[in-house]
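In: fold the following.
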Amino acid sequence: MPAKFRRTKRAKTRSMKKPAGKVTVKQAKKSTGRKTAKKTARKTAKKVVAKKSSARKAFESSRRAVPAGKAAQVPSGKQASEAPAADTAWRISPEISRSVLKIDTWKKGDLKIEYLKVYRTGWIVVDQKPDLAEYDPEQGIDIFEEFEFDEHELYDGSEQASIAPHELPGEERQRLLALSEAELAAEGWTLESVTRFRGPLVVEQVG
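Out: The predicted structure follows:
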C-alpha cells in the first residue's frame, strides 16, 4: 500500500504592522517642525498684511485731510511774519544849487589851515525818513555826523578859499598852502573833514 503522507500545515506568516497610534521620535520631530514652520509663516503673513493695511489707512487718511489740489493753509499771522518787508529809502539833497560845502581843516598844535570846496549839488540816501524839525538852513547840517548812510554823491566841486594861519610869515603860509595832503601829514598835520548841506532841503522817497 502506498505510504501515507502526513499533511503538515504551513505556518501562516503574519505581516508585522506597526500600531497605528505609535510614531517614531524622528517622525515626531519632523512633524512638529513642519507645524511650527507653518504657524510661523502664517503669523508673519498676518503681520505683513497688518502693516500694509495700517500704511494704506494712514495714506488714505492723509489724502482725506488735505484735499487734492489744495495746499495746507498757514495761519495769517505766520504769513504776515514771513512776508519780506518792503525796503524804504529816502534821498536828501539841497534845494538850491551850490549849497554843498566840504571843509578840510588841517591842525598842528595851535595852527590851523582850512580848505573850502563848494559843490554844485549832491545827495545822500538814508533808510529812515529824517526828522528835520530843528534844522537850521543858515547853519546847515554835517551829513556825516548827523546821518548814517551807504550811498552819497557830490557833483562839480571847485575850491573857493584856502585859509592859512595869519601868525606865520607870508612865505611859510604860501609854502604850506602848496603842500599836498600826503606832505602835510608827513609834517605832522592832522585832518578833520566836514561836508555840510545848507539852505532848504528836499526829502524824497525812493524805495
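
In: now the strands for this structure?
Out: Listed in chain order, the strands found in the chain under DSSP state E are 90-94, 100-108, 111-126, 141-142, 151-163, 190-197, 201-205.

In: ranking those by burial, who's on top?
Out: strand 90-94 (a mean of 20; mean count of other CB atoms under 10 Å). C-beta coordinates here come from the backbone N, C-alpha and C atoms, glycine included.

In: who are the packing partners of that strand?
Out: The criterion is 3 or more CB pairs under 8 Å, 6 or more residues apart in numbering; DSSP states H and E, and the helices and strands that strand 90-94 contacts are strand 111-126, strand 190-197, strand 201-205.

In: mind running it again at 10 Å?
Out: strand 100-108, strand 111-126, strand 151-163, strand 190-197, strand 201-205 (3 or more CB pairs under 10 Å, 6 or more residues apart in numbering; DSSP states H and E).

In: next, the angle from the first one to strand 111-126.
Out: Compare the direction of strand 100-108 with that of strand 111-126 by axes from the mean of the first three to the mean of the last three CA atoms, to 10 degrees and you get 140 degrees.

In: could you dump the helices and strands packed on strand 90-94 to TSV with distance to Q174 and mean pLDDT?
Out: As requested, those are exported to TSV (distance: least, CB to CB, whole Å; pLDDT from 0 to 100):
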stretch	distance to Q174	mean pLDDT
strand 100-108	15	96
strand 111-126	12	95
strand 151-163	10	90
strand 190-197	20	96
strand 201-205	38	95
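
In: quick one: closest of those to Q139.
Out: With CB to CB, the closest approach to Q139 among those belongs to strand 190-197: 8.4 Å.

In: which residues sit against the closest one?
Out: With contacts defined as CB atoms under 10 Å, 6 or more residues apart in numbering, strand 190-197 is touched by 92-95, 99-108, 112-115, 117, 119, 121-124, 135, 137, 139-147, 152, 154, 181, 184-185.

In: right, I'll call it a day here.
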